[in-house]
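Participant: below is the sequence, then the predicted model.
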Amino acid sequence: VAAMAQTALTPLAEGKTKRLFPLEGEPGNVLVEFKDKATAFNAVKVQEVAGKGALNATISAHLFSFLNACDAERIPTCFVRMTDQPNVLVYRSLRMIPLEVVVRNVAFGSLCKRYPVFQEGQALARPVVEFFWKDNEAGDPLLSEEIIPLMNLLPRGVSVAHLKAFALRVNAYLVDYFQSLGVVCADFKLEFGVDDKGRLVLGDEMSPDNFRLRDAQTGEVLDKDVFRLDLGDIAQAYGKLLSRIQERTQHVISKPVGERRVYEAAIWVGLRPNVLHPESRTIFEALHTFGFQEVTSLRAARLFTLQVQAAHVAEAEQVLEKIAADVLSNPVIERYEIRTLEPVLA
Ligand code: 5GP
């Protein structure tokens, strides 16, 4: 890695704040260098900020590691490891999807501009997911969920519903995580990619550049709004956030974070493949009786929507897993999936 900075390696890709380099001996991975640069308003406002690359890389490493530790199965991320350079991380290489997936818990920024019924700082009754097309020329426009599948932006096997459920699950964990640091996670932007097996993976970065984070007591701004709105020293604000993260890293995952919360979830239960199902057969035959000869196969499944109380999202997941495995499904013949999980905020 140290050699990287010295030799004039050609980047595989370069964005406003990061450069990607090949990693010798690890063909599935890449080196990601975070630049000492702050940009806003589509790079109309740009500033060199000493130390920012290292801060963003380190904060990203912490947040990705936190998510990996929570639920590596359902929240796969690109993060592999840190390196001996504080502004360089190792990522799995992904084929990126040109979407910005924004999750909001509190109204700010473009939401308030678009929909002035929301005041800046107003808590939203439930988390909102928005999709933007990552296309500079088009000006990163907001996309409706219906238009996305028609734009050929999604890799095979990835749906809007899949992206949304993934983003909301990340949000459920992050709301708890930041709350335990005394920080409100108002909103953030995610980007996704697919790995060589076609699996959806969280990519990009998890730094205050992509978040709105506010001190829960004082409202102090700990994110890129410091730079956007000229509120002070951006490296100092990010440094403050990193100190809080480092203080709490050991304790966060299993520790209750205050009041119990209500989580809303959907659990899907269906038959394992190859299990015969008389009810499905009956419905299938009925469809043919009613003249729907077009139907060539049919499997019935069940969907449960429920609300559970828990101290934090990991506890909610545990309870839901137990309910799904022990009560709602028959493990001999059925499979289940916790399809969605999100905190009810108000
Ligand atoms: P807004 O849509 O209000 O401008 O942004 C919502 C959230 O997504 C904020 O946390 C903001 O930092 C993040 N976000 C939206 N667009 C971008 C972008 O193009 N780049 C980065 N780094 N973050 C973005």
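Facilitator: Cool, the structure landed.
Participant: which residues are in contact with the closest residue to the ligand within the stretch 1-150 of the chain?
Facilitator: Closest residue of the stretch 1-150 of the chain to the ligand, C-beta to the nearest ligand atom: Gly109 (2.3 Å). Placement of C-beta: from N, CA and C, glycine included. Residues counted as contacts of Gly109 (C-beta atoms under 8 Å, 6 or more residues apart in numbering) are Asp187, Arg212.
Participant: could you do Pro208 as well?
Facilitator: Asn56, Ile59, Leu222, Asp223, Lys224, Ala237, Tyr238, Leu241.
Participant: now the residue of the stretch 151-300 of the chain found nearest the ligand. Nearest residue, chain neighbours left out?
Facilitator: Nearest residue of the stretch 151-300 of the chain to the ligand, counting by C-beta to the nearest ligand atom: Lys189, 3.4 Å away. Among residues not flanking Lys189 along the chain, Asn210 sits closest, at 4.6 Å (C-beta to C-beta, 6 or more residues apart in numbering).
Participant: surely that neighbour meets Asp204?
Facilitator: Yes: in this structure, Asn210 is within contact of Asp204 by C-beta atoms under 8 Å, at 7.2 Å.
Participant: who's more crowded, those two?
Facilitator: Using other C-beta atoms under 10 Å, the more surrounded residue of Asn210 and Asp204 is Asp204, with 23 against 20.
Participant: re earlier: which neighbours do Asn210 and Asp204 have in common?
Facilitator: Counting by C-beta under 8 Å, 6+ apart, the residues touching both Asn210 and Asp204 are Leu190.
Participant: for the stretch 51-200 of the chain, which residues are neighbours of the ligand?
Facilitator: Within the stretch 51-200 of the chain, the positions near the ligand by C-beta under 6 Å from any ligand atom are Glu100, Val102, Phe108, Gly109, Ser110, Leu111, Asp187, Phe188, Lys189.
Participant: next, give phi and psi for the third one.
Facilitator: Right, Phe108. When quoted as degrees, to the nearest 10, the phi and psi of Phe108 stand at phi -150, psi 170.
Participant: same question for the second one.
Facilitator: Backbone dihedrals for Val102, given as degrees, to the nearest 10, come out at phi -100, psi 130.
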